[in-house]
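Asks: Here's my sequence, what's the structure:
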Amino acid sequence: MGAWTDERGTDRSSFEEIARRRRGTAGYREGYDEARRAFVIGQAVRERRLALGLSQRSPRGQS
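Replies: Numbering: from 1, shown residues only. Alright, predicted model coming up:
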């Protein structure tokens, strides 16, 4: 679905069209890269905590 006109005759864009335009911007790529780095760091921290037995959860069956 692309652009469309509402009942008042105002041109509107679909969410996908707006998102597609934003995905091509430098700001979008920078934000995506920053979020990806944060995710990878968080994943590594979680794996390390689990390896050291420092999970915030109790093992199943224990309180």
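
Asks: Could I get the full set of helices for this protein?
Replies: Here the chain has its helices, by DSSP state H, at 15-23, 26-51.

Asks: got a list of contacts for stretch 26-45?
Replies: For stretch 26-45, contacts defined as CB atoms under 8 Å, 6 or more residues apart in numbering pick out Arg22. For the C-beta atoms, the positions are set from N, CA and C on the backbone; glycine is no exception.

Asks: so how far is it from its chain's centroid?
Replies: 9 Å (CA atoms, centre = their mean, to the nearest Å).

Asks: and Ser14, how far is that from Arg20?
Replies: Distance, Ser14 to Arg20, using CB to CB, to the nearest Å: 9 Å.

Asks: just for this structure, where's the confidence low?
Replies: 1-7, 9-10, 58-63 (pLDDT under 70).

Asks: again, only this time at 80
Replies: Applying pLDDT under 80 to the chain picks out residues 1-12, 55-63.

Asks: Give me the most central residue, it.
Replies: The residue lying closest to the centre of the chain (CA atoms, centre = their mean) is Ala35, at 7.0 Å.

Asks: still on that earlier bit, and Arg57, which of the helices of the chain is closest to it?
Replies: Of all the helices of the chain, it is helix 26-51 that lies closest to Arg57, at 9.7 Å by CB to CB.

Asks: now the angle between helix 15-23 and that closest one, please.
Replies: 90 degrees (axes from the mean of the first three to the mean of the last three CA atoms, to 10 degrees).

Asks: And helix 26-51, what's buried?
Replies: Under the neighbour-count criterion of 16 or more other CB atoms under 10 Å, helix 26-51 has nothing buried.

Asks: how close does Glu30 get to Glu47?
Replies: Glu30 is 26 Å from Glu47, by CB to CB.
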